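**Q** Let's see this in three dimensions:
(chains A and B)
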Amino acid sequence: MSEERYKLHWITAAIEVLKTAKEMVLPLILLVFAKGWSNPGSGKWYLDYLTFIIFSVLLILFFISGIIKWKRFEYWFEDDELRIEYGLFVKKKRYIPFDRIQSLDYTEGILHRPLKLVKVKVETAGSSSPKKSEAELTAITKDAAKRIEIEIAEAKSRRKAIPVEEGILHEGNHVVEEPQVKSIFTMSVKDLLILATTSGGIGIILSGAAIFLSQFADKIPFEWMYEEVSGFIKYGLLIVAIVVFIGFLIVWALSVAMTFLSYYGFSVSLEQQDIVITRGLLEKKRMTVPLNRVQSVRIIENPFRQLFGYAAVVIDSAGGGGAEGAKINLFPLVKKSDINGPLKEIFPDLILAEPKKKLPARGKRYYYRIDFIWMIPAISALTYFFFPYGLLSLFIVPIIVLFGLWQHRSAAYEISGNQLTMRFRGISLQTAYLMKKRIQSMEMKQNYFHKRKQVATLAASIKSGMGIFNAQVLHMEESEAESVLSWYEKNRSGQQ
Amino acid sequence: MRTQPINRISEKGLKVWRLYGIMQSVVVLLLAIGGGIVTYINEGPWWIYAIAAVAIILFAYLFIVLFPKVRWMRWRYEVRESEIELQHGLFIVKRTLIPMVRVQHVDTTQGPILRKYDLAGITISTAATNHTIPALVTEEADELRSRISVLARVAEDDV
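**A** Okay, the predicted model is just below:
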C-alpha cells in the first residue's frame, strides 16, 4: 500500500485568496458607499483611507494564510481510506473510508483549465455538515484525480472478493480498468437558447434590476427624468416600444449568457452504475450520482414550456450535501416526446406511462375555496378604500377559481407495481415517479370538510439530500387515498 | 374505511396540554391587562375592556378546554410488526404511515413538565422525516422505543 503523501497544486493558494477576496468585495463596496468620498477629509490621510488600509492589511493576511493552508494540506491513501490532513492553526485529520465515498465530483474553474487541473469534491452518504461536502481537494492534476478513482475502485473490487455484510454500493463493478461509458443526453445550442428563454432566469434578472434600481432610487433624478420622459413620449409610441423592446432584448441576452455559462456542453452519460453529468462553459463541472442513491424522478413542466411541449427532468439524490446536492437537473430541457427513450436507458425499471387516475369532481371546490379567506377581506378593503376602482379587484375571484380548477384537472396518480406516480400542479406541472422503497413515509390528511365529502390529501415524503421532498396530491378520493396507503403498507419493499 | 390505530396516548398528556393552555392563557391575560392599563390611562371607551374580556375567555376556553380535548381524542398510534401508524391533528386529521424498514432511529425526550407527570415523548426518525408521539407514560415510552428499535433492526434495510 502506497503511503506517499500528496500535495495540492500551488494554484490552490491563489484560489483560496481569490475566494476570500470575492467574499470581501461586497462589504468593501458597501463601506465605500456608506462612508464614501462625500464626507470631507479630516485632514489626516490615514483616517481618510482607514477602510482601505484595513482591507489591504486583511487581504495580505488572507494571502499569507492561503499559502500556509496550501502548504499544510496533504492527502494520502492508507488502509482503504482517503486520509486528509489540513488546518491553519489547528491541525485536522479526516479519514474517509473508500466504502463510504459515494462519488467524486469534479469542477474545472477558469484558473484550473489552463493548467489541466480539477477541483475534486468527495461526497459521502451523510455529510457531517449539510452545506459542505466531506472533503474538497481544491486543485489537483487530472492524473492525480484519476489515481484517486483507481485507488477507490481497486479497494472496492478487493472488498468484493470478500463478502461483506454491509450492502455493497456498487454492484457489478467487476471491470475496474475500462469503465463503459454510454452517452445518454446532450443539449444543443438551440436547446440552450430555448432553455434560457423559457426559464425563470428572466424574472430573476428583472427583479434583480428592480432591487438595484430601488437601492439607488434617491440617487436617480426622477423629476428630471419625468420631464425627459414626457418629452420623450411625444416622439411617439414607436420609440417607446423600441426602447422597451431593447430592454427586453438585453434581459434576454443576459439570461442566455447565464444559461450558457452554467449549461454549455451539458451532457449526461451512464458509467456502469453511476450517472455522470458534465456542464459549464468557463467552469466545467462533472458530477457523479450513483444510481442507487436516486430517490425519485420528476418531470417538471412550467406552463410556458408545456405550451411548446417541453419539460425538464430532475432527480432527487440521497447523497451529497444540502440544497445543491438534493435536486439535480438531469435533463434541463427536453422535448416531452423525447423524454422516454433516454430516461428508460438510465432507469430501465421506471414505468413512464401517464398517470391515468383523476380526481373526483366533488374535490374541485377545495382547490379555490380556501382562497376566499384572504380574498374577501382583501377585496372588501380595496373596495372600501378606493371606491370605484377597488371593485376591479373582483376580477381576482374568477382568476383564482379558474386556477384552482386547472390544478384540479392537472392532478392525477397511478400505482403500477412497486411504483407510485403522482402528478400535481403548483404553477408548474410536476409528475413524480416514486418507487415504494424510496418513500420514507406517507401521510393522509383530512379536515372536517374533506371528511364530509370523502376526499383526502395524500403526501409521500422522499429523502432529497439532507432534506425532504413532499409529493402531494390534494383532495383526492378518500377510498383511493386509503388504498394507496394499504399499497404502501403491504408487501414490504424488500419482497417483490 | 381504514380502521383507526388502536393505542391512545396517556391521559396525563391531556393534563399537560391543559397546563400548557393555562400558561398561554396567563400570557394573554397579562398582555390584556397591559392593554387595559394603557386604555385606562388614555381614557379609552368601555367596549375595549369588553372585547378584551371576551377574547381572553374565548382563548382560555379554546386552549384549556376544547383544543387539548380534541387533540387528545384524535391522537392514536399503533406499532405493528412492519409499520408504525399515527393519527393526529386538530383541524386537519393526519394519518401517517412509517414502514419499519425506513426507521433510522428512535428517541425519547422528556422536558421538566413531562417529567413531573412521569411522561415522555417518543420521536421516530426516518432518513428524511421525523415523527413524534407526544405523551406516553415513561415506562411505556421506553418499552416502545426498544420494541421499535428491535423491529427496525429485524426489518430488512435497503436504503
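**Q** how close does residue B:36 sit to residue B:63?
**A** Separation of residue B:36 from residue B:63 (Cβ to Cβ, to the nearest Å) stands at 20 Å. C-beta here means a position set from N, CA and C on the backbone, and glycine is covered the same way.
**Q** which one of these two has more residues nearby?
**A** residue B:63 (19 against 15; other Cβ atoms under 10 Å in any protein chain shown).
**Q** who touches the more buried one in this structure?
**A** The neighbourhood of residue B:63, defined by Cβ atoms under 8 Å, 6 or more residues apart in numbering or on different chains, consists of B:20-21, B:24-25.
**Q** what's the farthest-apart pair in those residues?
**A** B:20 and B:25 (9.6 Å; Cβ to Cβ).
**Q** helix/strand/coil for the residue lying farthest from the centre of chain B?
**A** Distance from the C-alpha centroid of chain B peaks at residue B:43, with 41.7 Å (Cα atoms, centre = their mean). Assigned with DSSP: H, G, I helix; E, B strand; the rest coil, residue B:43 falls in the coil class.
**Q** where's it relative to residue B:25, distance?
**A** Residue B:43 is 28 Å from residue B:25, by Cβ to Cβ.
**Q** does the nearest residue to residue A:282 once chain neighbours are set aside count as helix, strand or coil?
**A** Excluding the flanking residues, the one nearest residue A:282 by Cβ to Cβ, 6 or more residues apart in numbering or on different chains is residue A:110, at 5.3 Å. What three-state DSSP gives for residue A:110 is coil.
**Q** And the pLDDT for residue 61?
**A** If you meant another chain, say so; for now it's chain A. For residue A:61, the pLDDT comes out at 86.
**Q** meant chain B actually
**A** Reported pLDDT for residue B:61: 95.
**Q** What of the one 10 residues further on?
**A** Residue B:71 carries a pLDDT score of 94 in this model.
**Q** What is the subsequent helix or strand relative to the helix or strand hosting it?
**A** Residue B:71 is part of helix B:67-74 when elements are defined by DSSP states H and E. Following helix B:67-74 in sequence order, the next helix or strand is strand B:76-79 (DSSP H and E).
**Q** Direction included, what does that following strand pair against?
**A** Applying DSSP bridges, strand B:76-79 is found paired with strand B:7-8 (antiparallel), strand B:83-88 (antiparallel).
**Q** Give me the neighbour count for residue 112.
**A** Here I'm looking at chain A. Residue A:112, neighbours per other Cβ under 10 Å, totals 23.
**Q** other chain: chain B
**A** Residue B:112 has 6 nearby residues by other Cβ under 10 Å.
**Q** What are the phi and psi values at it?
**A** phi -60, psi -40 (degrees, to the nearest 10).
**Q** and the gap between it and residue B:139?
**A** On the measure of Cβ to Cβ, residue B:112 and residue B:139 end up 19 Å apart.
**Q** which residues of chain B score low on pLDDT?
**A** Residue ranges of chain B with pLDDT under 70: B:1, B:156-159.
**Q** Checking the residue most central in space within chain B next. Helix, strand or coil?
**A** With distances taken as Cα atoms, centre = their mean, residue B:134 lies nearest the centre of chain B, 5.1 Å away. Classification of residue B:134 using three-state DSSP returns strand.
**Q** I figured it was touching residue B:72, is that so?
**A** No. Counting by Cβ atoms under 8 Å, residue B:134 sits too far from residue B:72 to count as a contact (9.7 Å).
**Q** Need the residues touching each of these two.
**A** B:9, B:13.
**Q** isn't residue B:102 right up against residue B:125?
**A** No. Taking Cβ under 8 Å as the definition, residue B:102 is not a contact partner of residue B:125, at 9.5 Å.
**Q** Between those two, tell me which one has more neighbours.
**A** residue B:102 (29 against 17).
**Q** hey, what's the residue lying closest to the more buried one once chain neighbours are set aside bridged with?
**A** Leaving aside its chain neighbours, residue B:102 sits nearest to residue B:126 (4.4 Å; criterion: Cβ to Cβ, 6+ apart). Counting by DSSP bridges, residue B:126 is bridged to residue B:103.
**Q** Let me see the contact set for residue B:126.
**A** With Cβ under 8 Å, 6+ apart, residue B:126 has these contacts: A:440-441, A:461, A:463, B:98, B:102-104.
**Q** if we go to 6 Å?
**A** Counting by Cβ atoms under 6 Å, 6 or more residues apart in numbering or on different chains, residue B:126 touches A:440-441, B:102, B:104.
**Q** Show me which of those residues is closest to residue A:385.
**A** Comparing the contacts of residue B:126 against residue A:385 with Cβ to Cβ places residue A:441 closest, at 46.7 Å.
**Q** Beta-bridge partners for the closest one, please?
**A** residue A:461.
**Q** Counting neighbours, what do you get for it?
**A** So residue A:441, with other Cβ under 10 Å, has 26 neighbours.
**Q** Repeat that for residue A:386.
**A** Applying other Cβ under 10 Å, we find 12 residues neighbouring residue A:386.
**Q** and it, backbone torsions?
**A** The phi/psi pair for residue A:386 (degrees, to the nearest 10) is phi -120, psi 70.
**Q** where's it relative to chain B, distance?
**A** Relative to chain B, residue A:386 is positioned 28 Å away (criterion: Cβ to the nearest Cβ, to the nearest Å).
**Q** For that residue, report the pLDDT, please.
**A** 84.
**Q** cool, and residue A:172?
**A** On the pLDDT scale, residue A:172 gets 45.
**Q** same thing with the one 3 residues further on?
**A** According to the predicted model, the pLDDT of residue A:175 comes to 42.
**Q** any idea how the chain splits into domains?
**A** With no chain named, the answer covers chain A. Listed by automatic domain parsing, the domain ranges of chain A are A:11-178, A:189-263, A:267-359+A:411-489, A:362-407.
**Q** that's the wrong chain, I wanted chain B
**A** Split by automatic domain parsing, chain B gives B:8-73, B:76-154.
**Q** Out of these, which one sits most buried?
**A** domain B:76-154 (a mean of 18; mean count of other Cβ atoms under 10 Å in any protein chain shown).
**Q** For it, what is the distance to the chain centroid?
**A** Distance of domain B:76-154 from the chain centroid (Cα atoms, centre = their mean, to the nearest Å) equals 12 Å.
**Q** quick revisit: output the helix holding residue B:71 in PDB with nothing but the alpha carbons.
**A** Output in PDB follows, covering the C-alpha atoms of helix B:67-74 (Å, rounded to 0.1, in the frame of the first residue of the first chain):
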ATOM      1  CA  PHE B  67     -58.300  22.000  21.800                       C
ATOM      2  CA  PRO B  68     -56.500  19.700  24.200                       C
ATOM      3  CA  LYS B  69     -59.600  17.600  24.400                       C
ATOM      4  CA  VAL B  70     -60.000  17.200  20.600                       C
ATOM      5  CA  ARG B  71     -56.300  16.700  20.100                       C
ATOM      6  CA  TRP B  72     -56.200  14.100  22.800                       C
ATOM      7  CA  MET B  73     -59.200  12.300  21.400                       C
ATOM      8  CA  ARG B  74     -57.600  12.300  18.000                       C
END
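**Q** what inclination does that helix have with respect to strand B:83-88?
**A** Calculated by axes from the mean of the first three to the mean of the last three Cα atoms, to 10 degrees, helix B:67-74 forms an angle of 150 degrees with strand B:83-88.
**Q** wait, does helix B:67-74 contact chain A?
**A** No. Helix B:67-74 does not reach chain A (Cβ under 6 Å from any Cβ of the partner chain); its nearest approach is 10.9 Å.
**Q** Who are the packing partners of that helix?
**A** When contacts are defined as 3 or more Cβ pairs under 6 Å, 6 or more residues apart in numbering or on different chains; DSSP states H and E, helix B:67-74 packs onto helix B:11-41.
**Q** Counting by contacts, list what the helix or strand that the helix it packs on is followed by packs against.
**A** Using DSSP H and E, the helix or strand that follows helix B:11-41 in sequence is helix B:47-60. Helices and strands touching helix B:47-60, by 3+ Cβ pairs under 6 Å, 6+ apart, are helix B:11-41.
**Q** Shouldn't residue A:122 be within a helix?
**A** No. Under three-state DSSP, residue A:122 falls outside any helix and is assigned strand.
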